[in-house]
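Trainee: What follows is a predicted protein model with its sequence.
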Amino acid sequence: MQLIHELFDINTRLNIAICRPILILLSSIFWPLLSQAQLPRFDYPIPQSPSQGKQSSTTSPSSPLQSKSSEQSIINDSTPSLQLERQLPLRIIKPVNGFVNIKLTNKTAAKISYEVIGDTTQRQLSGKSEVILKTLKVPINITFYRETGGFLFIQTLFTSEKCLLELIMTETNDFNLDKSSLLIEETGSLFLN
């Protein structure tokens, strides 16, 4: 009887010694695949701005039918709506025949590299200098950064008579003010990111 018990004990230890590494190996193979699986999420909070709770006296309440359909689309959608996350334009300019002139003014001491995506190659603007980019067709996407890696604060001025948008670039130490790209949509909506 003791012999049977010892054989069973040895067999159990042997099974554990063999199976444990196999289980670890299998879990290391399949765990990343399972963790990347796209599963529907039901815990999205419905974003509300402070102004949503208050109704303006000049607007009428929306009909129950409209609010029900928008609620339903949020519940049935497994990803949050992009419209809720879209940034508001910094300003809206008026391109002339679909074209805009852009003046880059570098008020820093450092060189600034810039590129009009799809139009120019990467170029450099020396410190304390400016350049005018003429007749750029909208939509326009410009990227820029300081050669020193420092942050850039961008101010925009638009002169409608000349259809000239000026980007005044100054240095800042505030990460929250740092900008590295400009987008002008066909509608004239201007975004800085």
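Mentor: Structure received. Residues are numbered from 1 along each chain as shown.
Trainee: Wasn't Glu6 part of a strand?
Mentor: No. Applying DSSP: H, G, I helix; E, B strand; the rest coil, one finds Glu6 to be helix, outside a strand.
Trainee: so how far is Ser189 from it?
Mentor: 81 Å (C-beta to C-beta, to the nearest Å). Yep, even glycine has a C-beta here, placed from its N, CA and C like the rest.
Trainee: With neighbour numbers in mind, choose between those two.
Mentor: Ser189 (17 against 10; other C-beta atoms under 10 Å).
Trainee: and the nearest residue to that one once chain neighbours are set aside, how far is that from Lys137?
Mentor: In this structure, Ser189 finds its nearest non-sequential neighbour in Pro89, 3.8 Å apart by C-beta to C-beta, 6 or more residues apart in numbering. Separation of Pro89 from Lys137 (C-beta to C-beta): 19 Å.
Trainee: who has more neighbours, those two?
Mentor: Per other C-beta under 10 Å, whichever of Pro89 and Lys137 has more neighbours is Pro89, with 16 against 13.
Trainee: which ones are touching the more buried one?
Mentor: Contacts for Pro89 were tallied using C-beta atoms under 8 Å, 6 or more residues apart in numbering; they are 185, 189-191.
Trainee: now do 6 Å
Mentor: 189-191 (C-beta atoms under 6 Å, 6 or more residues apart in numbering).
Trainee: Next: Lys94.
Mentor: Residues near Lys94 by C-beta under 6 Å, 6+ apart: Gly188.
Trainee: Kindly provide the distance from it to Gly188.
Mentor: As judged by C-beta to C-beta, Lys94 and Gly188 stand 6 Å apart.
Trainee: Equivalent analysis for Cys163, please.
Mentor: For Cys163 relative to Gly188 (C-beta to C-beta), the value is 11 Å.
Trainee: can you check Gln122 too?
Mentor: Gln122 sits 26 Å away from Gly188, going by C-beta to C-beta.
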